[in-house]
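Asks: sequence first, predicted coordinates after that:
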Amino acid sequence: MVDIGRRARKAARTLALTSDDQRRQALKSAAQAIRDDVEAILAANAEDVAEARTGGRIEAFIDRLQLTPARVEAIAQAVELVADLPDPVGRVLATFERPNGLIIERVAVPLGVIGVIFESRPNVTADAGSLCVKAGNAAVLRAGSESFRSATRLVAAIRSGLESAGLPADAVQLVPVRDREAVGLLLGGLDGNIDVIVPRGGKGLVARVQAEARVPVFAHLDGICHVFVHHAADIDMARKVVLNAKLRRTGICGAAETLLIDKAAEGTHLAPLVIALLEAGCEVRGDASTQGVDPRVKVATEEDWSTEYEDAIISVRVVDDLTAAIDHIETYGSHHTDSIITQDKEAAARFQREVDSAIVAHNASTQFADGGEFGFGAEIGIATGRMHARGPVGVEQLTSFKYRIHGNGQTRP
């Protein structure tokens, strides 16, 4: 493991000095290598799927794990999409001149070596590797044991593509064992060779990473997302957004888990929204006001307000006003994604200013919490911390910066 870290550091130093054209060509070659190796990738994946079925994994898990020719092609296309993104390295972020004549520039540079720990989705292998390379970083990938064979073949194809373009294959490495001890070593930083850890998976994985990592972590633990329907909300818009935010995909971190209704809109908005959710097959757990709408509404407990259901279940509460909605989100939310539905621009501006979440939306679904929807091409994950990477973590967030000072013989008195 330490040797993997050392080789990654060496590759990162080489990669940091490459041009965008070189990195773009390397990723294009990697995408083609994935296409060329499709049969071997599918064969490896079939073994992973068979093992998962034998182990009693549910069908939803199998679906996340399973590859098809179309899915492999989608993986290759995603790598090409990342390749064609604007170069995040070398951007001049700021320039200023000091009274003594010094010109100071803040310039984007790669982070270095990024450790990515993920679970069952094989496409994360290519997403993470390509995003890191595009931003001039080396990647050390630790796949979940269930997708180990699939990830091994995908990484082999990516490394082949990198080498064919003249870049070091060690820019993307896969931890070659399933042993959980390898995760602990990765979290320890591999003798100072890991600069950032990105976990992508369930709460158990993320919690362990956040508890044990000795290097910075880009991650989120919970996705407790809210939609607040203000009294100035258009009811048709509110219905459309709420249904999408909750039910488009219930298992993703951007799915809404709690619906808050402004008390001033209780008589006009509560019943239509609750009934729409129930008729769409969503279980509703509500406060006393919400329970009065329909006998199918179940009682919401204190625990419900801080629960990420990852299912077709939503908690609903009537709150006194905008201030109460913001207070509820601050008390129970996870600083991930929250949305207000209103035609009142001042109320929306206050909500977006005061809600301390990575993503705060106005008249839009919380399910836009996605790097692809932000135009990032792809994401390595979503971060809810307060470091420079917050929200979807794409290629720009996988850079740091340094200062370049231009002088003309200045000395400090």
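Replies: Yep, it's here. Residues are numbered from 1 along each chain as shown.

Asks: now Ala219, what's its secondary structure?
Replies: Under DSSP: H, G, I helix; E, B strand; the rest coil, Ala219 falls in the coil class.

Asks: that one contacts Arg208, correct?
Replies: No: using C-beta atoms under 8 Å, Ala219 makes no contact with Arg208, being 10.8 Å away. Every C-beta, even on glycine, is put in place using the N, C-alpha and C of the backbone.

Asks: of those two, who's got more company?
Replies: Ala219 (24 against 17; other C-beta atoms under 10 Å).

Asks: measure that one to Ala211 for me?
Replies: Distance of Ala219 to Ala211, given as C-beta to C-beta, to the nearest Å: 11 Å.

Asks: next one: Asp321
Replies: Taken as C-beta to C-beta, the span from Asp321 to Ala211 is 38 Å.

Asks: ok, those two, which is more surrounded?
Replies: Shown here are Asp321 and Ala211; by other C-beta under 10 Å, Asp321 has more neighbours (14 against 9).

Asks: which outside residues touch stretch 326-333?
Replies: Applying C-beta atoms under 8 Å, 6 or more residues apart in numbering, the contact partners of stretch 326-333 are 224-226, 228, 258, 260, 305-306, 317, 319, 338, 351, 354-357.

Asks: list only buried entries from these.
Replies: 224-226, 228, 258, 260, 305, 317, 319, 338, 351, 355, 357 (16 or more other C-beta atoms under 10 Å).

Asks: which ones among those residues map onto helices?
Replies: Phe351 (DSSP state H).

Asks: make JSON lines from the buried ones among the contacts of stretch 326-333 and add distance to Thr68 and pLDDT to it.
Replies: Listed next are those as JSON lines, based on distance: C-beta to C-beta, whole Å; pLDDT from 0 to 100:
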{"residue": "Ile224", "distance to Thr68": "33", "pLDDT": "94"}
{"residue": "Cys225", "distance to Thr68": "31", "pLDDT": "97"}
{"residue": "His226", "distance to Thr68": "36", "pLDDT": "98"}
{"residue": "Phe228", "distance to Thr68": "40", "pLDDT": "98"}
{"residue": "Thr258", "distance to Thr68": "36", "pLDDT": "98"}
{"residue": "Leu260", "distance to Thr68": "40", "pLDDT": "98"}
{"residue": "Trp305", "distance to Thr68": "40", "pLDDT": "97"}
{"residue": "Arg317", "distance to Thr68": "42", "pLDDT": "98"}
{"residue": "Val319", "distance to Thr68": "45", "pLDDT": "98"}
{"residue": "Asp338", "distance to Thr68": "36", "pLDDT": "98"}
{"residue": "Phe351", "distance to Thr68": "42", "pLDDT": "98"}
{"residue": "Val355", "distance to Thr68": "40", "pLDDT": "97"}
{"residue": "Ser357", "distance to Thr68": "36", "pLDDT": "94"}
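
Asks: and which of the buried ones among the contacts of stretch 326-333 is nearest to Asp63?
Replies: Asp63 lies nearest to Cys225 out of those, by C-beta to C-beta, at 23.1 Å.

Asks: now the closest one: how far from Ala369?
Replies: 7 Å.

Asks: what's the overlap in contacts for those two?
Replies: With C-beta under 8 Å, 6+ apart as the test, Cys225 and Ala369 both reach Cys253, Gly254, His336, Thr337.

Asks: domain parsing for the protein?
Replies: Domain segmentation of the chain under automatic domain parsing yields 2-218+393-405, 225-368.

Asks: can you pull out the helices in this protein?
Replies: Assigned by DSSP H, the helices in the chain fall at 2-15, 20-36, 38-54, 59-65, 69-83, 123-134, 148-164, 181-187, 203-212, 235-247, 271-279, 288-291, 322-332, 345-354.
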